[in-house]
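> here's my sequence, what's the structure:
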Amino acid sequence: MTIPLKDNIPDKKIYKQLLRICLWLIFIFASAKGEGLLAGASAVNFLNPRPSFSRHSLFLHSNQGQDNWRLQLFHGQSFQTLGNDEEEEEMREFHGLGLEIRVMGGWNYFAGGDFHRGTRGLFDERADIVLTRGYKREFQNISSCRSGLGFGAEAIYHLRPRLGIGVRVSFSHPAHPSELKFYEVQALPYLLWSDIDLKILSFMAGFYYMVPAHRRLWLFFSGGPELHLVNYQYALNFTTPTSHEEISQKADGRGLGARGSAGLELHLNPRVALFFEIHGRLAKISNFQGKEATYHLEGYSPSTSEANGFLYYSEAGKYPGLAIFSEDAAQGKGVKRAVFDFSGMGLHTGLIFRF
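Numbering: from 1, shown residues only. Presented below is the predicted three-dimensional model:
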C-alpha cells in the first residue's frame, strides 16, 4: 500500500516552532549585547500572530550593568519593559514633565464667627417685632451662614515621585437668604427678608506627599499657608403695614490662615486619576472696610443714612448685630471690629491630569 506523500511531509507548525526557537536564541544573544530588543520581539510577534498561549515571560540580564529587563508578550500583539521600580508605583510613576493639574469641587463648612451671629441677630430682632405686634406667621425659613459651595484648582510639580510642591487657588460662595412671611389680614401678607452673600478667593502654597496603598490607590497629604480675600454683602428688607426698612452693607477684608488636606487617589491610567479629599482650615479675618446704606420709612416720614468705615460687631442690645461706622463714630458704642471665622473643613472630589 502506498502511503500518501503529504503524510510524509512534516506539519508546517513544526517549522514555525523551530523558526521561533531560532529567533528566540538570536533575540537572547542580541539582548545580552544590549541590542536588538525591539527587533527580536517584533520578529517573534510577526511569526506568531495567533499564538496558542495566553502570556509568555522572558527574563534577560544586561552585560552593561543595567537592571534586569522583563519582557512580556500578551497574546502575541504587544510587549512592555519594566525597570526596577516597585510594582505598586507603576501607575503613578509617569516620566513626563512632572507636572500635575487638579480640578475639584465640593462643600465647605466653617464657623462664621461674628458674621454668623451678627447677621442672624439683625434678622431675629425684626422677627421679634413681628411676634410682639401680634402678626400671624405664615412661612419662615432661616438659613445659617456657615457653609457653601467651593471650587478650586491645583498645580503640583513633583520633586520626587512621592514629594511635590504646588499652589492652589480656590473659590467659595456661601449665599444664605432668610425669609419670614406674616400677615395681619391673610389676604395681605408682609415680608421680612435678608441675604448674606460671601465670595472668598483663597491662594495656598504648600508641600504634597504621596504614599502608595495599592497599585492603583494612593494616599496623599498636603499643607501650607493660605491667603484669603473676602467680599461681604448683606441686604435686609422689612415691611409691615406701618413701616418699611432697608439695610445694605458691603465690605472687603483679607487675612492669612493655614490649610491641611488628606485624601485618596484612584489612578484610572498613568495620566488621569480620580481623587477624594478632606481638608481643614484655620483662618480668622478682620478689619473689613466698606459702606453701609439704610432707608427707613415710618408713616410718612422717610429717613436715609450712609456710613463708610470698618465693619463692627455689637452685643450691646438684646440681639447681636453688624454695622459699619467710621472710627470716630464707633468710639463709646461698645463695639469691636467684626471677625469672619473661616476655620472649618471641606469635602471635595475631582480629577488629576498629569503631564
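> from here on, contacts and neighbour counts on C-alpha atoms
Fine.
> show me where the stretch 201-350 of the chain has its strands.
Applying DSSP state E, counting those that start in this stretch to the stretch 201-350 of the chain gives strands spanning 217-239, 243-267, 272-285, 289-298, 301-314, 321-325, 335-337, 340-354.
> pipe those strands into CSV and attach mean pLDDT and distance to Leu97 per row.
Output for those, formatted as CSV (pLDDT from 0 to 100; distance: least, CA to CA, whole Å):
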stretch, mean pLDDT, distance to Leu97
strand 217-239, 96, 20
strand 243-267, 96, 18
strand 272-285, 97, 14
strand 289-298, 95, 44
strand 301-314, 94, 47
strand 321-325, 94, 51
strand 335-337, 92, 48
strand 340-354, 96, 8
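> return the most buried member of those.
Stretch with highest mean neighbour count among the strands of the stretch 201-350 of the chain: strand 321-325 (a mean of 24; mean count of other CA atoms under 10 Å).
> partner strands of that strand, with direction?
Strand partners for strand 321-325, identified by DSSP bridges, are recorded as strand 301-314 (antiparallel).
> report the central residue of the protein.
Closest to where the C-alpha atoms of the chain average out (CA atoms, centre = their mean) is Met104, at 3.4 Å.
> related to what we said a few turns ago, mind putting the strands of the stretch 201-350 of the chain into a markdown table with distance to Arg117?
Supplementary listing: the strands of the stretch 201-350 of the chain in a markdown table, determined by distance: least, CA to CA, whole Å:
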| stretch | distance to Arg117 |
| --- | --- |
| strand 217-239 | 13 |
| strand 243-267 | 16 |
| strand 272-285 | 15 |
| strand 289-298 | 18 |
| strand 301-314 | 9 |
| strand 321-325 | 7 |
| strand 335-337 | 13 |
| strand 340-354 | 10 |
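> between those, which gets nearest to Ser147?
Among those, the nearest to Ser147 by CA to CA is strand 340-354 (9.2 Å).
> need the contact partners of that closest one.
Outside strand 340-354, the residues within contact range by CA atoms under 8 Å, 6 or more residues apart in numbering are 96, 98-115, 270-286.
> can you give me phi and psi for Val130?
phi -60, psi -40 (degrees, to the nearest 10).
> for the spatially closest residue to Gly263 that is not a sequence neighbour, give the beta-bridge partners.
Leaving aside its sequence neighbours, Gly263 sits nearest to Glu277 (CA to CA, 6 or more residues apart in numbering; 4.2 Å). Each beta-bridge partner of Glu277 is listed here, defined by DSSP bridges: Gly263, His348.
> Glu277 contacts Ala262, correct?
Yes: applying CA atoms under 8 Å, one finds Glu277 in contact with Ala262, separated by 5.8 Å.
> the domain parsing of this structure - what is it?
The chain breaks down into these domains under automatic domain parsing: 5-84, 99-354.
> show me the contacts for His158.
By CA under 8 Å, 6+ apart, His158 lies in contact with Gly98, Leu99, Glu100, Gly164, Ile165.
> one more time with 7 Å, if that's ok
Contacts for His158 (CA atoms under 7 Å, 6 or more residues apart in numbering) come out as Gly98, Leu99, Gly164, Ile165.
> Gly253 too?
Counting by CA under 7 Å, 6+ apart, Gly253 makes contact with Leu229, Val230, Asn231, Ile285, Ser286, Asn287, Phe288, Gln289.
> my read is that the fourth one contacts Gly257, right?
Meaning Ile285. No: if you go by CA atoms under 7 Å, Ile285 and Gly257 don't touch, sitting 8.6 Å apart.
> need the contact list for the closest residue to Glu265 other than its chain neighbours.
Of all residues not flanking Glu265 in the chain, Phe275 sits nearest, at 4.3 Å (CA to CA, 6+ apart). The neighbours of Phe275, taking CA under 7 Å, 6+ apart as the test, are Gly263, Leu264, Glu265, Leu266, Thr349, Gly350, Leu351.
> now the residues you listed in TSV, with distance to Ser303?
Formatted as TSV, the contacts of Phe275 follow (distance: CA to CA, whole Å):
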residue	distance to Ser303
Gly263	55
Leu264	57
Glu265	59
Leu266	61
Thr349	50
Gly350	51
Leu351	54
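> which of those residues sits closest to Arg133?
Nearest to Arg133, judged by CA to CA, of those is Thr349 at 49.0 Å.
> can you tell me the element the residue nearest to Thr240 when sequence neighbours are not counted falls in?
Of all residues not flanking Thr240 in the chain, Tyr190 sits nearest, at 6.0 Å (CA to CA, 6+ apart). Element membership for Tyr190, per DSSP states H and E: strand 188-212.
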